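Student: Following is a predicted model, sequence given first.
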Amino acid sequence: MTHFLDIHTTEATELRSMIESAKRMKTARLGRPKAEPDDDQPLKGRMVALIFEKPSTRTRVSFDVGARQMGAQTMVLSGSEMQLGHGETIADTARVLSRYVDLIMIRTFEESVLQELAEYADVPVINGLTNRT
């Protein structure tokens with residue numbers, strides 16, 4: 001399981017590989033309807049949680065549409081729905097989400113929330129933006 005938490009801690013070869021893969025996927029989508037899934041659907045049958053403590057139109061739309069184009073189903077959760085660290089611990093939230101989803105993307109105010117979520121999640125966590133990264 002690989003988290004993507006900070007671009008500065010990711011190997012250059014891995015970053016290049018991700019960028020090349022994204023370029024190939026983007027080229028393959030040219031001329032296709034936006035709601036049409038990719039031919040290979042690499043995330044088919046997967047559930048992706050998109051958590052937004054800190055709202056963002058671009059981040060929400062790009063992750064939601066991208067996940068769906070790759071064949072995933074998405075679950076968008078706002079900070080008010082989650083109450084991360086208020087009433088339910090971040091560790092508990094990570095464990096519960098890990099039972100139901102295959103990947104978690106979080107956009108949060110505090111870097112510590114991202115780090116703790118990644119520590120306790122049994123699925124990959126992607127940093128959608130924090131106050132530090």
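Tutor: It's in. Here the structure is a predicted model, which is why all the values come from computation and not from measurement.
Student: residue nearest the centroid of this structure?
Tutor: Centroid check for the chain by Cα atoms, centre = their mean gives residue 105 as the closest residue, at 2.6 Å.
Student: Can you read off the pLDDT for it?
Tutor: The score at residue 105 is 98. That number is its pLDDT.
Student: ok, now how distant is residue 17 from residue 54?
Tutor: 29 Å (Cβ to Cβ, to the nearest Å). For the C-beta atoms, the positions are set from N, CA and C on the backbone; glycine is no exception.
Student: The two: who's more crowded?
Tutor: residue 54 (17 against 11; other Cβ atoms under 10 Å).
Student: looking at it, that one is touching residue 80, isn't it?
Tutor: No. Residue 54 lies out of contact with residue 80 (Cβ atoms under 8 Å); the separation is 11.9 Å.
Student: pLDDT score assigned to the residue in the chain sticking out farthest from the centre?
Tutor: Largest separation from the mean C-alpha position in the chain: residue 31, at 25.5 Å (Cα atoms, centre = their mean). Note on residue 31: pLDDT of 95.
Student: would residue 8 count as being in a strand?
Tutor: No. Assigned with DSSP: H, G, I helix; E, B strand; the rest coil, residue 8 falls outside any strand and is helix.
Student: Quick check: closest non-adjacent residue to it.
Tutor: residue 133 (7.7 Å; Cβ to Cβ, 6 or more residues apart in numbering).
Student: check contacts around the one you found.
Tutor: When contacts are counted by Cβ atoms under 8 Å, 6 or more residues apart in numbering, residue 133 touches 5-8, 111, 114, 127.
Student: Out of those, which comes closest to residue 89?
Tutor: Nearest to residue 89 out of these is residue 114 (Cβ to Cβ; 14.7 Å).
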